[in-house]
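S.K.: Build me a model from this:
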Amino acid sequence: MTRGNRILLTGASFTSMFFLGVGLAIIGAAARNIGLTASQIGLLQTVQNIGFMSSVTLFGYLADTHHKPRLLLIGTLLLSAAFFFFYMSTIFAVNALIMFAIGISIGSFEGVTDALLIEEHATRKSFVINVNHFFVTVGSLAITVYLLFLQLNWRLSMTQSAAALLVVALLFALGRGKRHPHRKSSVRERFYAIRSERVVAVLFFAMLCGLGLQIGTTGILTTFLMEFRGFTQVTSKIALIVFISGLAVGRVVVGFFARDDRLGRVITLLFASSTVLAVTLYFINVRAVIYPAAFGLGFTVSALLPLIIALTGVLFPHMAGSAMGAVKIGIPAGGIAIPFFISILAHYLGTELSLLVFPITGALGLLIMATNLSHISEVEKHRLTSQTSNPAR
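M.R.: Numbers count the residues shown, from 1 in each chain. This is a model prediction of the structure:
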């Protein structure tokens with residue numbers, strides 16, 4: 001592959017992940033403009049997650065057997081059409097179907113771009129995947145600022161996004177991906193191959209814990225600070241911004257310094273750090289530590305998702321798409337499970353005790369990684385040595 005083609009596909013991948021962030025945030029960002037009720041928001045998010053979970057698994061498998069830029073071209077065109085028609089009609093069922101299409105589209109980005117980048121970048125896999133997911137954060141922040149703070153026309157923003165995605169689609173149409181005609185294994189063969197690897201289950205649960213920490217804190221932080229720490233609307237939102245800033249910074253910085261042959265150890269260390277910081281943030285009632293702890297927690301949990309994905313790609317280089325697709329089901333699973341447990345505990349035990357979910361989740365992720373670290377490191381070293389000794393594969 002030429003350097004120009006690698007740059008083109010990398011740039012197109014980063015841009016598609018930016019619009020993945022837009023797709024994730026658009027319901028919340030435009031809800032007040034559209035006039036959605038809480039019930040409708042919940043239904044749209046559920047439908048989107050169903051589309052995402054189905055798509056990330058399917059496209060992950062297809063990424064191992066089909067032309068990756070062509071798969072991303074399909075996903076980009078579908079998202080462009082979905083953005084263009086989203087709430088053009090006022091019929092809720094129609095828009096729920098469109099939201100399902102958005103879920104499928106962004107699931108294709110999640111399922112294919114990481115596999116494409118691992119293929120295009122032989123070294124520094126962890127860094128390039130961290131940057132790829134950094135653009136998801138940028139996209140979510142951008143559409144929120146665009147709609148909520150600047151108070152611009154949300155319908156126009158969807159039309160503009162649809163047009164921009166057509167340009168991204170053109171880039172994928174021009175890109176040349178690697179072909180693997182020798183990969184003829186069936187869906188069943190790949191399913192059994194992945195199921196037999198306990199590392200996939202380990203990384204799935206690690207992903208669930210990492211995403212649960214991130215999504216749960218994003219949702220509850222301002223409420224917690226106002227109810228239990230005496231923060232105001234303004235100061236609590238500043239703390240949330242500090243947390244999100246930690247997410248953005250950590251995703252790049254940790255990815256830059258993490259080495260592909262030590263990803264298991266780095267992930268374990270991040271879970272240990274996030275557990276300590278979760279205890280500090282939620283259970284040490286010292287106002288001076290709130291902002292540093294919020295930034296630190298964002299910094300540590302931010303890199304968990306991309307590093308777990310990168311580790312999956314390192315461990316399963318010849319079926320990276322399928323393996324990563326299985327692990328990435330932990331993304332929506334974590335976003336659903338942890339907030340659900342917080343809600344249940346808050347209802348029966350009170351909000352303050354429900355916050356124990358955060359350090360427990362971090363400790364569970366640490367336990368899962370630590371008890372399997374020697375096996376992961378062994379497989380990690382073997383796979384990287386195999387790739388080095390046989391770079392043509």
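S.K.: any idea how far residue 97 is from residue 159?
M.R.: Distance, residue 159 to residue 97, using CB to CB, to the nearest Å: 19 Å. (Each C-beta comes from the backbone N, C-alpha and C, glycine too.)
S.K.: Over to residue 136?
M.R.: 24 Å.
S.K.: Which one's more surrounded, those two?
M.R.: residue 136 (26 against 14; other CB atoms under 10 Å).
S.K.: In contact with the residue nearest to the more buried one when sequence neighbours are not counted, which residues?
M.R.: Nearest non-adjacent residue to residue 136, counting by CB to CB, 6 or more residues apart in numbering: residue 21, 4.1 Å away. If you count contacts by CB atoms under 8 Å, 6 or more residues apart in numbering, residue 21 has them with 135-143.
S.K.: can you redo the residues you listed as TSV with secondary structure and pLDDT?
M.R.: Converted to TSV, the contacts of residue 21 look like this (DSSP: H, G, I helix; E, B strand; the rest coil; pLDDT from 0 to 100):
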residue	secondary structure	pLDDT
135	helix	91
136	helix	88
137	helix	82
138	helix	86
139	helix	86
140	helix	78
141	helix	77
142	helix	80
143	helix	77
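S.K.: Using the neighbour-count criterion, name the buried positions in the helix or strand hosting the residue nearest to residue 136.
M.R.: Taking DSSP states H and E as the definition, residue 21 sits inside helix 3-34. Under the neighbour-count criterion of 16 or more other CB atoms under 10 Å, helix 3-34 has 6, 8-10, 12-31, 33-34 buried.
S.K.: now swap in stretch 243-256 and tell me
M.R.: Within stretch 243-256, judged by 16+ other CB under 10 Å, the buried ones are 243-252, 254-255.
S.K.: so residue 126 touches residue 258, yeah?
M.R.: Yes: here residue 126 reaches residue 258: they are 4.5 Å apart, a contact under CB atoms under 8 Å.
S.K.: Have a look at the two and say which one is more surrounded.
M.R.: Taking other CB under 10 Å, residue 126 and residue 258 do not tie; residue 126 has more neighbours (28 against 25).
S.K.: Could I get the pLDDT score of that one?
M.R.: Note for residue 126: predicted pLDDT of 79.
S.K.: Can you classify it by secondary structure?
M.R.: helix (DSSP: H, G, I helix; E, B strand; the rest coil).
S.K.: If you drop the residues flanking it in sequence, what lies closest to it?
M.R.: residue 310 is the one closest to residue 126 (CB to CB, 6+ apart), at 4.1 Å.
S.K.: what about that neighbour, neighbour count?
M.R.: Using other CB under 10 Å: residue 310 sits among 30 other residues.
S.K.: need the contact list for it.
M.R.: Applying CB under 8 Å, 6+ apart, the residues near residue 310 are 114, 118, 125-126, 129-130, 258, 260, 263.
S.K.: taking those one by one, which sit in helices?
M.R.: Under the assignment DSSP state H, these contribute 114, 118, 125-126, 129-130, 263 to helices.
S.K.: ok, of those, which one's closest to residue 340?
M.R.: Using CB to CB, residue 114 is the member of those that sits closest to residue 340, with 26.9 Å.
S.K.: Settle this for me: the closest one is touching residue 324, isn't it.
M.R.: Yes: Residue 114 is in contact with residue 324 according to CB under 8 Å; the separation is 5.8 Å.
S.K.: Overlap in contacts, these two.
M.R.: Counting by CB under 8 Å, 6+ apart, the residues touching both residue 114 and residue 324 are 309, 313.
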